[in-house]
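Asker: Using only what follows, build the 3D model:
(one chain, ligands or ions: 1)
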Amino acid sequence: MSIDPKTYTYGDDVLEGRIILITGASDGIGCALALHAAKLGAQVVLHGRNTRKLEEIYDEIEATDGTKRPSIAVLDLSTADGESYAALTGSVDKEFGRLDGLVHNAGILGPRLSIEQYDITDWQKVLHVNLTAPFVLTQQLMPLLKNAADPSIVFTSSGVGRVGKAFWGAYSVSKFGTESLSQMIANENLHTPLRSNCINPGPVRTKMRLEAYPAEDRDTLLRPEDIMPAYVYLLGPDSHGVTGQSIDAQ
Ligand code: NAP
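Answerer: So this is what the prediction gives:
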């Protein structure tokens, strides 16, 4: 990788014409990415579970650039069944016929407890939302990704997706699994244009970070808007051929 994703610079139209689905676009990093990608010319599909929050982002994008209306895909990743995944895929297929970028950003933290104390139901929920749901969504959307000329899947990892640390429970395990899933997809598609990579956002001022570190001075943290270059790099043409990597956004 000759370009440093953290300091990557790009033109105002670097994502022009790309159809990019972002999960968890209703808040935090996903919301910032949706707004930014739309500014850079992408046609964004806003995924989330809260219609009202998604509509607010829709309105903000539409007010900035009326030429490309985003789409909204409502799906609760903790409860979605096969039919609702198929409905989401069907609507992207019907509207666009392809997908250039898929950003698996939605996630939950779950409890911060020792393995001895961790509740099994919580464990299953965190693994389901953070790992199983991205697997199912990727599998469902793969034909549409393969219809694109330069498709890119971006998974979201974490520092605790590389090192197991006390009290991070199922969240950490889900992020280790995410790294593996991304690498497998990359490896299985080595001889195709499809690339699959992970981003570790690092500490970012969002509600999840606040939940994990309630006593932290939030002013010391970067905002979601500050870590966009790594995402743009992986979603745009300059990362063509970069696959199976896990990169730090800061
Ligand atoms: P956030 O502000 O809490 O946003 C999480 C997003 O995921 C929200 O849009 C949320 O929807 C959505 N979501 C949660 N559960 C969902 C479900 N069941 N179905 C559909 N959507 C669901 O978190 P963030 O900090 O931006 O995190 C984004 C990603 O970065 C996560 O994968 C996280 O693990 C990772 N990360 C963050 C940090 C950090 O410091 N912030 C560090 C390392 C990794 P609602 O708006 O409806 O809640």
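Asker: can I assume Ala230 is in contact with Val242?
Answerer: No. Counting by Cβ atoms under 8 Å, Ala230 does not reach Val242; the two are 11.4 Å apart. In this view, the C-beta of every residue, glycine as well, is placed from N, C-alpha and C.
Asker: Between the two, which is the more surrounded one?
Answerer: More neighbours surround Ala230 than the other of Ala230 and Val242, with 24 against 19 (other Cβ atoms under 10 Å).
Asker: Looks to me like the more buried one is in a strand.
Answerer: No. Membership of Ala230 in a strand is not supported by DSSP: H, G, I helix; E, B strand; the rest coil, which gives helix.
Asker: where does the chain dip in pLDDT?
Answerer: Within the chain, the stretches with pLDDT under 70 are 1, 66.
Asker: quick one: the helices in it?
Answerer: Secondary structure of the chain by DSSP state H: the helices cover 28-39, 51-64, 82-96, 120-127, 133-146, 169-188, 207-212, 228-235.
Asker: Of all those, which one is nearest the ligand?
Answerer: helix 28-39 (2.2 Å; Cβ to the nearest ligand atom).
Asker: Could you check the closest one and say which residues are buried?
Answerer: In terms of neighbour count (16 or more other Cβ atoms under 10 Å), helix 28-39 has its buried residues at Gly28, Ile29, Gly30, Cys31, Ala32, Leu33, Ala34, Leu35, His36, Ala37, Ala38.
Asker: Of those, which are in range of the ligand?
Answerer: Gly28, Ile29, Gly30 (Cβ under 6 Å from any ligand atom).
Asker: Let me see the residues that make contact with stretch 63-71.
Answerer: Stretch 63-71 is contacted by residues 34-35, 38-39, 41-46, 57-58, 61-62, 91-92, 95 when judged by Cβ atoms under 8 Å, 6 or more residues apart in numbering.
Asker: which bits of the protein sit near the ligand?
Answerer: Residues of the chain lying near the ligand (Cβ under 6 Å from any ligand atom): 24, 26-30, 48-50, 53, 76-78, 105-108, 129, 156, 158, 201, 203-204, 206-209.
Asker: out of those residues, which are buried?
Answerer: By 16+ other Cβ under 10 Å, these give 24, 26-30, 48-49, 77, 105-108, 129, 156, 158, 201, 204, 206, 208-209 as buried.
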